[in-house]
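J.: Predicted structure and sequence below. I'll ask about it afterward.
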Amino acid sequence: DTWRERLLQIEKTEGMKETSSNVCWVHTSNLQWDLAQIVETTEDDSYLLRLSCGSSKTVPISQTLPVNAIDAQDMDDLTKLQYLDEPNILNALRRRYAEDKIYTYTGDILIVVNPWKEIPSLYSADCMQRYQRMGA
């Protein structure tokens, strides 16, 4: 799956609204985090989760991470995110990439994601002025 396809899959999953407090990130493989709906909290401090693929999984609460609010996902500077961890950074970059916003700051550091395509408005005078003001 490309980032764009994965993002659409996450957003279309029924009941997976990132604005609700009943979702979290769960590590599903060596290099992947998945958005999961918290179905219930068990007596042994674990969550019963419904993954975006539809399957269920029980994991210790300590192995999950909170999700940033949806309105925080499109910030130009990741240091403004409430939760600055691997899955939230990757999700913010994925969302910005899907909207052809390939430049994202993390404090003084500029992260650039190669779009592998031409983005006509990327080097417009307005866009360049905006980034010059941010860097000043």
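T.: Done, it's in. Numbers count the residues shown, from 1 in each chain.

J.: Report the contact partners of Cys127.
T.: Ser121 (C-beta atoms under 8 Å, 6 or more residues apart in numbering). Just so you know, the C-beta spots here come from the backbone N, C-alpha and C atoms, and that holds for glycine as well.

J.: Swap in 6 Å and give it another go.
T.: Residues near Cys127 by C-beta atoms under 6 Å, 6 or more residues apart in numbering: none.

J.: quick check, distance from the helix or strand containing it to the centre of its chain.
T.: Secondary structure from DSSP states H and E places Cys127 in helix 125-135. Taking C-alpha atoms, centre = their mean, to the nearest Å, one finds the center of helix 125-135 at 25 Å from the center of the full chain.

J.: before we move on, what SS does the spatially most central residue of the chain have?
T.: Of all residues in the chain, the one closest to the mean position by C-alpha atoms, centre = their mean is Asn91, 1.6 Å from it. Secondary structure assignment for Asn91 (DSSP: H, G, I helix; E, B strand; the rest coil): helix.
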